[in-house]
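# What shape does this take:
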Amino acid sequence: MAHIVVLGAGIGGIPMAYEMKDLARPEDRITVVSNTDRFHFVPSNPWVAVGWRTRDDITVPLAEPFARKGIAFKTVGCRRVRPEENALDLDDGSRLEYDQLVIATGPDLAFDEIEGFGPQANTISICHVDHAVEAAKRWEAFCRNPGPLVIGAVQGASCFGPAYEFAMIADADLRRRQLRHRVPITFVTPEPYIGHLGLGGVGDTKGLLESALRERHIKWIVNARADRFTPDAVHVTEFGEDGQEKATHVLASRLTMMLPAFRGIKALQGVEGLVNPRGFVLTDKHQRNPTYRNVFGIGVCIAIPPVEKTPVPVGVPKTGYMIETMVTATAHNIRALLDGKEATEEPTWNALCLADFGDTGVAFVAMPQIPPRNVNWSSHGRWVHLAKVGFERYFLRKVRKGVSEPGYERYALKLLGLKRVQNRTPATTDV
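The predicted structure is shown next:
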């Protein structure tokens, strides 16, 4: 009998637990550890921040679906991961031992790296449902007394899609309220060009997103480093393509939403051999840690090098579809280890993104996510908005029912009419 522990209950951790339960042997135990008893659908946070959704609309209590699946669930945070001892120190003082560990924690949000940054300071956030709920209150106050709005991401950020979404959704909501003419909007990003997305662009995301911003009268600054945030301004340094300082800007702002850089959670930071200096989990092509061979990492918490060097640092996003391929490969690899075999499965790291703009949107598919690619496609239209709404309902229903089937793949292929793509690279056998 083996004890398999999944640390984290988000978009990666929940499918990991479900799929692992289906693949594990009858005698194996699976435990999920999370600092919350509810799942929240992070892609819906921009809607929550403008009042189009509530917390209850995008959250699912996890105790019941886990119990139905026969998965143990500990709603207590992890204080320290101790891979040399095959154990976790939990926040309540208890200790949890494991035979196989899957780290799916998501990131720590590095607001403290910039002066005045974060929801406890001078900006709002859409990174967590708690942040989005508070952002909605500030959004309503802003709409009662509108003014300049600054939206974007800071240096080192790796998740750019929600920044573009929030800019467009804010524009759409302001137009509905007949307030758009009173709100100048500036989009600030470390990307070398609009639509880079940390991926070197996908299809014509540069043209599509530039056009979308231009149509909505949203100005932008690229190659931007956020220096500090004050209650009424954003201080930015703009760099040229040669990496040299080009200009400084003091942008008046009555409300600011900037996505932060990520790092590993405190329970992981500084664990030699497990994480890089930033606290991200080191993994090989099988999602397995090179030092601690019974530890796997999936999702936003793993280390992926940048696609290319840029004048201002940008990270690589870990999209939901990409995470799902990590889940499937990891589940099969753990089962192989339980059977006394080698871990041979590799995730495909394909990317599908549906970016909602409030009344339209942009979709892109990158297979694989990191260039060069076999599929490099993007498109736009009202259908993307409708698809995003549909997928929110689909994924939340999947979590409630404890379904382990690949949600992103099934929904995306049905939606886009694409040929089926495996979520892992099949192992090859020497003849």
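# pull the CA atoms of the helix or strand encompassing Asp22 into CSV?
Using DSSP states H and E, Asp22 falls within helix 13-23. Provided in CSV are the C-alpha atoms of helix 13-23 (Å, rounded to 0.1, in the frame of the first residue of the first chain):
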residue,chain,number,x,y,z
GLY,A,13,-4.5,19.6,-7.5
ILE,A,14,-8.1,18.6,-7.9
PRO,A,15,-7.8,16.9,-11.3
MET,A,16,-4.6,15.3,-10.0
ALA,A,17,-6.4,13.8,-7.0
TYR,A,18,-9.3,12.6,-9.1
GLU,A,19,-7.2,11.1,-11.9
MET,A,20,-4.7,9.5,-9.4
LYS,A,21,-7.6,7.9,-7.5
ASP,A,22,-8.8,6.3,-10.8
LEU,A,23,-5.3,5.0,-11.6
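# Please point out which parts of stretch 46-63 sit buried.
Pro46, Trp47, Val48, Ala49, Val50, Trp52, Arg53, Asp57, Ile58, Thr59, Val60, Leu62 (16 or more other CB atoms under 10 Å). The way it works is simple: take the backbone N, C-alpha and C, and place the C-beta from them, glycine included.
# And these, which two are furthest apart?
Val50 and Leu62 (26.7 Å; CB to CB).
# just the helices in the stretch 101-250 of the chain please.
For the stretch 101-250 of the chain, applying DSSP state H, counting those that start in this stretch gives helices covering 129-144, 161-176, 205-215.
# and the ones you listed, which is most packed in?
Ranked by mean neighbour count under mean count of other CB atoms under 10 Å, the helices of the stretch 101-250 of the chain are led by helix 161-176, which reaches a mean of 23.
# same question for that helix, mean pLDDT?
For helix 161-176, mean pLDDT rounds to 98.
# Read off the pLDDT value for Pro371.
Value for Pro371, per-residue pLDDT: 86.
# and the gap between it and Gly200?
As judged by CB to CB, to the nearest Å, Pro371 and Gly200 stand 6 Å apart.
# anything in contact with each of the two?
Shared contacts of Pro371 and Gly200, defined by CB atoms under 8 Å, 6 or more residues apart in numbering, comprise Val307.
# who's more crowded, the two?
Shown here are Pro371 and Gly200; by other CB atoms under 10 Å, Gly200 has more neighbours (21 against 13).
# Apart from its chain neighbours, what residue comes closest to the more buried one?
The shortest distance from Gly200 to any non-neighbouring residue, by CB to CB, 6 or more residues apart in numbering, is to Val307 (4.9 Å).
# Regarding the one you found, what is its secondary structure?
coil (DSSP: H, G, I helix; E, B strand; the rest coil).
# For it, the count of nearby residues, please.
Val307 has 18 nearby residues by other CB under 10 Å.
# Show me the shaky parts of the chain.
Residues of the chain meeting the criterion pLDDT under 70: 405-431.
# returning to that earlier point: how about the helices of the stretch 101-250 of the chain in CSV, adding distance to Thr237?
Shown next, in CSV, are those (distance: least, CB to CB, whole Å):
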stretch, distance to Thr237
helix 129-144, 26
helix 161-176, 18
helix 205-215, 21
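# now for those, which one comes closest to Glu346?
helix 161-176 (24.9 Å).
# starting at the chain centroid, how far to that closest one?
18 Å (CA atoms, centre = their mean, to the nearest Å).
# residue ranges for the strands of the stretch 101-250 of the chain, please.
Secondary structure of the stretch 101-250 of the chain, counting by DSSP state E, counting those that start in this stretch: strands at 108-109, 149-153, 185-188, 218-221, 224-230, 233-239, 245-252.
# if you compare these, which one is most tucked away?
Across the strands of the stretch 101-250 of the chain, averaging neighbours per residue (mean count of other CB under 10 Å) puts strand 149-153 on top, at a mean of 27.
# who's in contact with Gln100?
Applying CB under 8 Å, 6+ apart, the residues contacting Gln100 are Ala2, His3, Ile4, Val5, Asn294, Val295, Phe296, Ile334, Leu337, Leu338.
# of all those, which comes closest to Ala104?
Nearest to Ala104 out of these is Phe296 (CB to CB; 8.9 Å).
# Okay, and the beta partners of that closest one?
Counting by DSSP bridges, Phe296 forms beta bridges with Val102, Arg288.
# Tell me which of the strands of the stretch 101-250 of the chain approaches Ile126 most closely.
Of all the strands of the stretch 101-250 of the chain, strand 149-153 comes closest under CB to CB, at 9.9 Å.
# what about the nearest residue to Pro190 once chain neighbours are set aside, distance to Ser125?
Computed as CB to CB, 6+ apart, the closest residue to Pro190 that is not its neighbour in sequence is Val312, at 3.9 Å. Val312 sits 20 Å away from Ser125, going by CB to CB.
# again with Val375
33 Å.
# Return stretch 365-378 as PDB; C-alpha atoms alone will do.
Once non-C-alpha atoms are left out, stretch 365-378 reads as follows in PDB (Å, rounded to 0.1, in the frame of the first residue of the first chain):
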ATOM      1  CA  VAL A 365      -4.000  27.400 -29.300                       C
ATOM      2  CA  ALA A 366      -0.300  26.600 -29.000                       C
ATOM      3  CA  MET A 367       0.800  23.000 -29.500                       C
ATOM      4  CA  PRO A 368       3.200  22.800 -27.700                       C
ATOM      5  CA  GLN A 369       3.100  25.900 -25.600                       C
ATOM      6  CA  ILE A 370       6.900  26.500 -25.900                       C
ATOM      7  CA  PRO A 371       8.100  27.300 -29.500                       C
ATOM      8  CA  PRO A 372       8.700  25.800 -32.100                       C
ATOM      9  CA  ARG A 373       5.100  24.600 -32.500                       C
ATOM     10  CA  ASN A 374       3.000  22.300 -34.500                       C
ATOM     11  CA  VAL A 375      -0.100  24.400 -34.100                       C
ATOM     12  CA  ASN A 376       0.200  28.200 -33.700                       C
ATOM     13  CA  TRP A 377      -3.300  29.600 -34.000                       C
ATOM     14  CA  SER A 378      -5.400  32.600 -32.700                       C
END
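# Thank you kindly, that will do.
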